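J.: missing the sequence, but the structure's below:
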């Protein structure tokens, strides 16, 4: 009898619990702002909300269980600007300058001198030899902790020359809303970017709400050492992996191990992960390209990109593939959040490598 | 007035929502079994529950925010048995045998013949040259989807020779409870294992409740191809990474990007990740070693391991490092869950490579 009562009580508790959770969720959802507030009511927004409605409706044939709702986002040019140069390149150039006095061999290094003279095209010839050299000098040989500290320090002092704000205050407002909206609908959001994983992990949680373990980026193997003052990981260039183009689906498999159902990019570097997400996926899928069409509020480019972000094949393939092309100028009512009151106060007078490239 | 009412309503809704969520959580927790039911009330269990109580108590100086509650688990020997051989090795040997008729060159391959003759020691000489060769033959050259299908098929047919069950029904019951307990306390659980990531991802979600994106294992780069019947990733041995010993903290950094606060292992292969988790960690931390002391219910080994799982330095370092050593025989009331009614029904008469090595 006691056992029967206990079972009865457990069942009752389970039902009440389910009802209460449902009530709580409904109440919290009702009081929030409408989702995607900075998206105008255009075809792009409707395509996104229709897709999310379909895959989250348990009665729909297109329902996808939450565990499989993986959404991947490129970073530079998709979640924040990549002009006048990707922010990580500006960081590397500023690091070269900062450390130059303590690195006697750098003075005779033609690639360092070229970079410091602002000759960025020299870095890109011969299969980006110069660029990798600069990345090696500024992004290996130190511990992962020291590197993260340097990145943190850079964001705290460098300012974007055109928008006059720290770079980590330049995430696109509509994309922040989209990340929130997808997560509220049970999606797990990942970054899949050519940028360095160790660089992005410093700010991704704070800026995008994406934790370090959901960052897929260019990477190399760190080496473990137990030193007198504790364990460290030393950054190297061993097994360097560039998470771009065909590397993106490979990185997705290696780090996530699931095929995404939603993919957001802005350049031909995102083509392969758009294909991997949307072609012959047994699940319903969504591919979205952010097209930079807004010279006034941000930048306008596609086939002639100023830095990274060349977009030709993506635009050509989009209609046949069913990818949604977002027209930044017409589809977004705002590009950036209003500046915070103290924006830049700690950055007054700080210059960065982007100033020259403006 | 209307606005004021709306604000009032929103506030009311928020308070009610908070109360309802609280009530719901309490109700669900109350009806469940006590956590860690298969752990005897010994020092080991108390050390684990004390640690979890400390890091989850917001009023404690040791409180750790949920986002940083990362727990890492070795797999073979920590979450399930590694005798008479790691299950993945049995899979590889069974694959050799299955595919032999279709692979004419294999017949003249002395390493294949050695493996098929059960001469496993030959695979381990010359820096595991033979073992890697077998792994290359059976784990590269096919698409990731085909490989996953083969692993799935193997688990559906092979049986453990001693316990007479499919291998994926051999997870240690106390460890399954521990995974649940940690997750219920806001921890994110990861596997960090020398086993192949692509192998483990096939069963980890179903068996351990750990999704593919939380698996860190040995891995290599897959190559993306857009074929006529859709996009595929072809498995290779490029940039092979062995996630063992010093590779474990390196893998943790590369894939998770956060320092764990809890680490569970069973061999000297886990030493470096135990160090990385517990030495000079700015957060409170817990290191646990599962010691195989139960020849009757499972196996008893440490310095003389039958397959993987040699444990010497870990035991020696444990007292000084403050690592908890779990004595399987005395600390666990059960090792495995009772067999399910249909256990093995689809496996009747199936033999696997482990039979010979029993």
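T.: Okay, I see it. Quantities reported herein were computed from a predicted structural model and do not represent experimental measurements.

J.: dig out what the residue lying closest to residue A:246 once chain neighbours are set aside forms beta bridges with.
T.: Spatial nearest neighbour of residue A:246, chain neighbours left out: residue B:224 (4.3 Å); criterion: Cβ to Cβ, 6 or more residues apart in numbering or on different chains. Quick note: C-beta positions are derived from backbone N, CA and C, even for glycine. Beta-bridge partners recorded for residue B:224 (DSSP bridges): residue B:233.

J.: now for residue B:224: which residues touch it?
T.: Going by Cβ atoms under 8 Å, 6 or more residues apart in numbering or on different chains, residue B:224 touches A:246-250, A:272, A:276, B:231-233.

J.: which among those count as buried?
T.: A:246-250, A:272, A:276, B:231-233 (16 or more other Cβ atoms under 10 Å in any protein chain shown).

J.: how about residue A:336: what's its closest non-neighbour residue?
T.: Among residues not flanking residue A:336 along the chain, residue A:173 sits closest, at 5.8 Å (Cβ to Cβ, 6+ apart).

J.: could you check the pLDDT of the one you found?
T.: We have a pLDDT of 98 for residue A:173.

J.: that one and residue A:296, how far apart?
T.: Residue A:173 is 16 Å from residue A:296, where distance means Cβ to Cβ, to the nearest Å.

J.: neighbour count: those two, which is higher?
T.: Under the criterion of other Cβ atoms under 10 Å in any protein chain shown, the comparison of residue A:173 against residue A:296 puts residue A:173 first, with 18 against 8.

J.: list the contacts of that one.
T.: A:38, A:332, A:334-337.

J.: for residue A:144, which non-adjacent residue is spatially closest?
T.: The nearest residue in space to residue A:144 (Cβ to Cβ, 6+ apart) is residue A:233, at 4.6 Å.

J.: got it, and residue A:241?
T.: Leaving aside its sequence neighbours, residue A:241 sits nearest to residue A:219 (Cβ to Cβ, 6+ apart; 5.4 Å).

J.: how about residue A:270?
T.: Leaving aside its sequence neighbours, residue A:270 sits nearest to residue A:74 (Cβ to Cβ, 6+ apart; 5.0 Å).

J.: just checking, that neighbour touches residue A:260?
T.: No: look at residue A:74 against residue A:260 with Cβ atoms under 8 Å: they stay out of range, at 11.9 Å.

J.: any shared contact partners between these two?
T.: Counting by Cβ under 8 Å, 6+ apart, the contacts common to residue A:74 and residue A:260 are residue A:273.

J.: wait, what's in contact with the residue nearest the centre of chain A?
T.: Central residue of chain A (Cα atoms, centre = their mean): residue A:75, 3.1 Å from the mean position. Neighbour list for residue A:75: A:191, A:193, A:195, A:200, A:217 [criterion: Cβ under 8 Å, 6+ apart].

J.: against chain B, how distant is it?
T.: Here the criterion is Cβ to the nearest Cβ, to the nearest Å. By it, residue A:75 lies 15 Å from chain B.

J.: shaky segments in chain A?
T.: Low-confidence segments of chain A (pLDDT under 70): A:1-32, A:341-350, A:358.

J.: please, where are all the helices along it?
T.: Secondary structure of chain A, counting by DSSP state H: helices at A:2-31, A:43-56, A:87-99, A:110-116, A:120-139, A:144-157, A:173-184, A:197-200, A:204-208, A:247-255, A:271-278, A:313-321, A:328-331, A:354-357.

J.: so how far is the third one from its chain's centroid?
T.: A distance of 20 Å separates the C-alpha centroid of helix A:87-99 from that of its chain, computed with Cα atoms, centre = their mean, to the nearest Å.

J.: wait, residue A:195 touches residue A:74, no?
T.: No: at 9.1 Å, residue A:195 and residue A:74 do not qualify as touching, with contact defined as Cβ under 8 Å.

J.: and these two? which has more neighbours close in?
T.: Applying other Cβ under 10 Å to residue A:195 and residue A:74 shows that residue A:74 carries more neighbours, namely 28 against 22.

J.: tell me the contacts of that one?
T.: A:191-194, A:264-267, A:269-270, A:273.

J.: can you redo those residues as TSV with neighbour count?
T.: Shown next, in TSV, are those (neighbours: other Cβ atoms under 10 Å in any protein chain shown):
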residue	neighbour count
A:191	23
A:192	28
A:193	31
A:194	22
A:264	29
A:265	29
A:266	28
A:267	27
A:269	25
A:270	31
A:273	31
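
J.: flag every residue of the stretch 201-350 of chain A that's near chain B.
T.: For the stretch 201-350 of chain A, the residues in contact with chain B (Cβ under 8 Å from any Cβ of the partner chain) are A:201, A:205, A:211-215, A:219, A:221-224, A:226, A:229-231, A:233, A:239, A:241, A:246-250, A:253-258, A:272, A:275-276, A:279-280.

J.: and the furthest pair within the contacts of residue A:173?
T.: By the measure Cβ to Cβ, A:332 and A:337 form the most distant pair in the contacts of residue A:173, at 12.1 Å.
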